[in-house]
Each structure stands twice: as structure tokens, then as C-alpha cells.
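# coords please:
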Amino acid sequence: MKGNRKMATHTKLQQFLSKLPDFVFEYIELAYKGESINTQLGYSIDIRVFLTYLKKYKFKDIENLEDFTPSHMEQVTIRDLTGFQAYLREYESEYETADGKTEHRIRRNGPKGINRKLSGVRGLFTYLYKNDMISANVTDKLDFEKKHHKMKRALTSKETARLLDCIYNGEKYFKDRLLSEYSRNKLRDSALFTAYLGTGCRVSELVNLNINDVDFDTSSFIVTRKGGDQQEIFMPIQVENELIKYIEERVKMNNVKDEKALFVSRLGTRLSAQSVEKSLRKYCIAAGITDPDKCKPHALRRTFACNMIAEGVDIKMVAELMGHKNIDVTHRYYTEFASKERKKVMREFNIEGKDE
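I've put the predicted structure just below:
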């Protein structure tokens, strides 16, 4: 089923790119090699929005998007780009329904959505410039939207303890159908969420693990990071122990459809990221954790990073452990940890001062 969906998405991408200029096809194929089909499709859609804007407001003589050439990109100015940036806040798009009809829809973007589309456009111009198809990269003059980051908290040590107790000892928390479901998935979920909290891997990296990726001789497993690079992840003792128990059960399963997959669903297929999020939400609710941000899988990754920093691990090492290519991303977790230190300082502060 998953393979069929992936093939369908790949076919959709090829059909989509066939209606865009050749230089866009080359850009997506080369610049995003190793990225997921959905990522390639997403950036292809963003570039189509840009070309549609240019066709409507600048190059009105162009009939079809595939007629664009690098020489047209050469003529794009910073005013065109800032106009496109404003256009992205609200614009009308066309799409084709299942029965072949053309419908119109109003699209709206916040700063994050606008910046994602501008990033795809900047990448395209950078590609054209580096390959001598245009003489200058006008997108270097473009200022992206300012984003206001909402501070998301990691799990506290008490919340982590309650969550793990719920995962390990769900018999105390669940009844009836939920208890039956918990019992069936206990070893899998114990191994999965312990690995999440103990290694800081992304949910996509964990669900894509194969049994053969785990090596108990070296106490490690191999994950495929964003961009396709592989990295060896060394396991804490707790993670290794839970994986040993789960794999002993996993190899005995006789209803498995994906024999390679480490984590599988009750149907025997590879576990999906959506299923992981659903399961975590169930455990968090049972453990009394109500903050929506803390009930998402990334909260466990955030907790791992904050715990590492609290233990005094160098931030460069934390970035490497988490697979961050840009250490600035890791600094966000340091900022979160620093807030706890600020609280400690302020709570111990005496407003009357200390006697000399």
C-alpha cells in the first residue's frame, strides 16, 4: 500500500514537472536529489505559483508556463520579487477536480508559508546563476518575512517520568478496549518512545528503521538523515534493553507484510508517523500532559536536546547527535534550557540585597 502511494506521488511529480520549463525540471531533479518525493513536489508547486504570477503580471505574452526560458528569469527585478511576496499573502489559484473540472480557490499564506515559497524561488535563481544561465542572482536582494517564534517547551522531568510510567505500565492507566490495544502494542511502543527520548531521532528516521539497521554488537543503529546521509546512532542502555525485548517479539510475528520494517502496525505494515503521533497523544492524555505542543512527537526530540544541554554536553555535539546541519537550529534548544536557568537565578534573588 505504501509503495503504491509512493509510486502514485512520483507519477504525479513527473506529470507536474512536464508542464513546467525544462530548467525547472533540471533544478528539482538535481537540487533536491535525495529528498522525499513530497518535498520535490512541494517546491515544484511553489515555483509554479511564481511562474503563474510572472505570466499574469509581467510576461503577459507567454501562453504556457513551459514556455518560460532562463532569459525571462534574467529580466526579473527586485520589484517583481517584492510584488510576488505581497501577492502570496492572498491569491487565487486553479486546480483540477477528480472529474476534470477546473475550480478556483483562494490561498492565504502566513510568514512561514511565504518564506517557504521564496526559498524555492531563491534556490531556482541560485541554480540558474551557478550554471551560467543568468548573469546575476536578483534574489540576493530579497528580504524574507520576519517570523515570530513561539516558544515551545520540552517535557519536564516529572512529565517525562509520568509519560514513561504510562508507556511501561499502561495497565494502571487504561481499561477495556484501550487496555487491549495497549497490551498488544506495549513492547513496540516502549521501544519506540524510549528510543525517541533516548536518541533524539526524528519520527521519520525511527519509523523508517529496518531490523537489520540495529546492531547490538556495537549498541547502535543506522538512520537515514534529511538529505539522504546515513548516521550511526549509539544507544543508551535503556534504549538497547527495550529494543532487545521488542525485537524478540517482532521476529516471531507471522502477519508482517513488510518483513524489513522494525516498527510495524497491527496490520503488519510499516508504522507511519501519523500513527506514532496518535499513540503519543493517547499516552500523554493518560499521563495528564495537556499542553498540545508536548503531545507531539517533536516534543520528545526537544526534550532530548534540552536534557543533553542540561547535562553539559557541548552544543556542537548536540547538533551532531540530532543531525542538525545548521547549529543555529540547535541554539533554539539552548535558549529553552537557559530559560530554566534564568528562573533559578530569579527565584533565588533577594530584592533586599545581601549584607556586606
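# when you work out contacts or count neighbours from here on, use the C-alpha atoms and nothing else.
OK.
# contacts for the helix of greatest length in the chain next, please.
What stands out as the longest helix in the chain, according to DSSP state H, is helix 176-199. By C-alpha atoms under 8 Å, 6 or more residues apart in numbering, the residues outside helix 176-199 that reach it are 164, 167-168, 170-171, 174, 201-203, 206, 233-236, 238-239, 242-243, 245-246, 249, 263, 300-301, 303-304, 321-322.
# run a quick neighbour tally on the residue nearest to Glu92 when sequence neighbours are not counted.
Distances taken as C-alpha to C-alpha, 6 or more residues apart in numbering place Ile106 nearest to Glu92, at 4.5 Å, with adjacent residues excluded. When neighbours are defined as other C-alpha atoms under 10 Å, Ile106 has 9 of them.
# give the rounded mean pLDDT of the longest helix of the chain.
Averaged across helix 176-199, the pLDDT comes to 96.
# sort out which residues of the next helix or strand after that helix are buried, please.
Remark: after helix 176-199, the chain's next helix or strand is helix 203-207, criterion DSSP states H and E. Residues of helix 203-207 classed as buried by neighbour count (16 or more other C-alpha atoms under 10 Å): 203-204, 206-207.
# quick one: which of the residues you listed is nearest Glu159?
Val203 (19.9 Å; C-alpha to C-alpha).
# so who does the closest residue to that closest one other than its chain neighbours touch?
Once flanking residues are discounted, Val203 sits nearest to Ala273: 6.2 Å by C-alpha to C-alpha, 6+ apart. Each residue near Ala273 by C-alpha under 8 Å, 6+ apart is listed here: 203-204, 207.
# quick one: those residues as CSV, columns for pLDDT and distance to Ser71 too.
Shown next, in CSV, are the contacts of Ala273 (pLDDT from 0 to 100; distance: C-alpha to C-alpha, whole Å):
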residue, pLDDT, distance to Ser71
Val203, 92, 43
Ser204, 90, 40
Val207, 94, 44
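# can you give me the helices in the stretch 251-356 of the chain?
273-286, 297-310, 315-322, 327-347 (DSSP state H, counting those that start in this stretch).
# likewise the stretch 51-200 of the chain?
70-74, 78-87, 111-130, 157-168, 176-199.
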